[in-house]
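Student: I would like the atomic coordinates for the input below:
(chains A and B)
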Amino acid sequence: MTTNHAAIEVRDLVKRYAKANVNAVDGVTFSVRPGEIFGLLGPNGAGKTTTIGVLITSVLPTSGAAAIMGLDVASDPIGIKQRIAVVPQQSNLDRSLRVREILTFHAAYHGVPHREREQRADALLDELGLGDRKNDKVARYSGGMSQRLMIARALMHAPDVLFLDEPTNNLDPQSRLFLWDRIRALNAQGLTILLTTHDMREADQLCGRIAIMDKGRILVNDTSTELKKLIPGGNAVEVRVGLPAPETGGHVLEGLRGLEGVSKVDELDAGAPAANDEAGVVTYRLYAQNAPALVGPATQAVLVAGGQVRDLHVKQPSLEDVFIYLTGRHLR
Amino acid sequence: MTPSIEHSVRHTNRLWLATNAFGATLRRDLAVTRRELPQFLIQALIQPMFFLLIFCKIMPSIGLTAGNFASLMLPGIIGLTELMAAIQGITLPLVLDLGFAREIDDRLLAPQPVWLVAAEKMLFAAMRGVAAGAVIFPAAWLVLGSRYAVRGDRIGILIGMIVLAAFAGSGIGLVIGTVVKPEQISLMFSIILTPLLFLGCTYYPWGALHTVRWFQVLTLFNPLTYAAEGLRYAMVPPVNGRELPTLPVQWVLLALVATTALCFGFGARTFRSRVVS
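Tutor: Model prediction:
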């Protein structure tokens, strides 16, 4: 296609279910470029699945608009369904069919010609490591295999946009890594992917851009790197210091504050002291634009002030920290 | 990965897409049924065969029913079997799918309108009903022997009745399947299917009920009554030159067509409200 519209365009989307007294989705706006992996990150009940529901035509919006590849979700559901594919949270595989038939019938529903769907089914089963189990009944498949089969099924009609709802929820670590690889490989072929997750590592690993959702709204929407810059502790050095005398603390704090590039120094023992912190040991957190550069100078400053360095590390911020910073709550 | 996910042609005609999806969905259902054909036939035949054996062979032999009872009973059994087969072909799968299995999702996500998925379910269930009704003829011929009596001069009407009865049954099945929740299945069998079975003029001709007027009126609210009476009109041979009095055939047609249309209209709406929120 020679168009320049977004792969997914959502404008002021609101969804209120019948008999509910709050909006499940409450004024959501975002757009996804063709070829992007976009993540909706948030706790259960944040409105991620409802947002996807509108995009895949299984939820009618209360107000606002959504479009995929320039086609309006409300007025052209048939056109939409031709261009999208969905991998749901729970298996919805057709248990009356054998594995390979699940793929070929799916392609038949979408009008893929006979020869093409036969070839594509074999190719996809091989790619997803299911080639030697293609005549099984689905009932014999493990959770990870079912998930892979649902991905193979989704690809049978060559969609433009793939929706993955909590794709690796409940999977063992090995299956999860395998799926992450497949998702990246598909994206490398140009497939646009929208995934929801409440796993910040997954979002961090896969997504070009991430929208953090809570209570039906998008709080922020940016790349993982940019999101982490939102929090003051996003780039910090933490140093645990042994203080031989009480007054040494003041000297250490003074020394650390005087370092070049440090914007702020917090004394952390007040909040949650580490379990193994003895008396006379204090943790300081130094915020700076370039925290790694502070490792040497901070050690020096502590020693000069008469303190003993027990531990020092550059703090790696996570999307979980961003979520906590924005909402004051944990993701799960 | 290999470039296997590129598509060659993409149809843009929505009508073509929807028609194709409808056809492929029907092919899927037929393929699954073909695989379980023995079970389907056993399910369809066991009950009517026992009915015919007891009511049309054993009971006349011991003098408990009249000689032509078999010819009155056979149309009722066929109507009942069709309705039950059609309902079974759609209701239980729908209740489970809409309740939790969600296996129907891949057809809902196919490029077709949601109501067309309901229409395909109904057409397929009607086909099961027709098949279940049709196989009774040779089976009845075997069981009844010399008591088998079906007139041959209304064959066109007979075919029409068999088809209409099946559609009325699948329509009822669609409504039940979209309204009933999984936890209510056993309740449904008692409070919906039992009255349907016994108040449907299966085991007695409608005309003979004139002595129990209130009951005769009550049976008119049951679609099975029209199916059984329509089949009697098309099947029961005249006795000594006298035709069996049945419900007027035009009323039968009207009732069966209306049942089908109303059930589809209502069922497709509830189906949509169950899958699109």
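Student: for chain A, what spans make up the strands?
Tutor: With DSSP state E as the criterion, chain A has strands at A:8-15, A:25-32, A:37-41, A:63-68, A:71-72, A:84-87, A:161-165, A:192-197, A:209-214, A:217-222, A:236-242, A:262-267, A:281-288, A:308-315.
Student: tell me which parts of the stretch 101-250 of chain A are close to chain B?
Tutor: Proximity of the stretch 101-250 of chain A to chain B (CB under 8 Å from any CB of the partner chain) is limited to residues A:101-102, A:105-106, A:108-113, A:116, A:119-120, A:123-124, A:127, A:153, A:155, A:157-158, A:182, A:185-186, A:189, A:191. Where you see a C-beta, it was placed from the backbone N, CA and C, and this is true even at glycine.
Student: One more pass at 6 Å, please.
Tutor: Remark: the part of the stretch 101-250 of chain A in contact with chain B comprises A:105-106, A:108-109, A:111, A:120, A:123, A:127, A:155, A:158, A:185, using CB under 6 Å from any CB of the partner chain.
Student: Give me the subset of those lying in helices.
Tutor: Of those, the ones assigned to helices by DSSP state H are A:105-106, A:108-109, A:120, A:123, A:127, A:155, A:185.
Student: If any of those residues are buried, give me the ChimeraX selection for them.
Tutor: For selection in ChimeraX, the members of those meeting the burial criterion (16 or more other CB atoms under 10 Å in any protein chain shown) are listed in this command:
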select /A:105,106,108,109,120,123,127,155
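Student: from the ones in helices among the residues of the stretch 101-250 of chain A next to chain B, which single one is nearest A:Ser58?
Tutor: Each of those was scored against A:Ser58 by CB to CB, and A:Tyr109 proved nearest at 16.0 Å.
Student: Dihedrals phi and psi, the residue lying closest to that closest one once chain neighbours are set aside?
Tutor: Closest residue to A:Tyr109 apart from its sequence neighbours, by CB to CB, 6 or more residues apart in numbering or on different chains: B:Ala110 at 3.6 Å. Main-chain dihedrals, B:Ala110, degrees, to the nearest 10: phi -70, psi 150.
Student: So what's the residue count around B:Ala110?
Tutor: Other residues within reach of B:Ala110 by the criterion other CB atoms under 10 Å in any protein chain shown amount to 26.
Student: any idea of the mean pLDDT for stretch A:30-43?
Tutor: Stretch A:30-43 shows a mean pLDDT of 93.
Student: Could you do stretch A:281-296 as well?
Tutor: Confidence over stretch A:281-296, taken as the mean pLDDT, stands at 83.
Student: So what would you say the end-to-end distance of it is?
Tutor: When the termini of stretch A:281-296 are compared using CA to CA, to the nearest Å, they are 20 Å apart.
Student: which other residues reach it?
Tutor: Contacts with stretch A:281-296, where a contact means CB atoms under 6 Å, 6 or more residues apart in numbering or on different chains, come from A:232, A:235-242, A:256, A:261-269, A:314.
Student: can you do 7 Å?
Tutor: Defining contact as CB atoms under 7 Å, 6 or more residues apart in numbering or on different chains, one finds that stretch A:281-296 is touched by A:232-233, A:235-243, A:249, A:256, A:259, A:261-269, A:298, A:310, A:312, A:314.
Student: Sort out which residues of it are buried, please.
Tutor: If you call a residue buried by 16+ other CB under 10 Å, then stretch A:281-296 has these buried ones: A:281-288, A:291, A:294.
Student: which residues touch A:Thr49?
Tutor: A:165, A:196.
Student: could you measure it against A:Gly296, distance?
Tutor: According to CB to CB, to the nearest Å, A:Thr49 stands 48 Å off from A:Gly296.
Student: what sits up against stretch A:209-220?
Tutor: Outside of stretch A:209-220, the residues that reach it under the criterion CB under 7 Å, 6+ apart are A:23-28, A:30, A:36, A:38-43, A:46-48, A:203, A:221-224, A:227, A:230, A:319, A:322-323, A:326-327.
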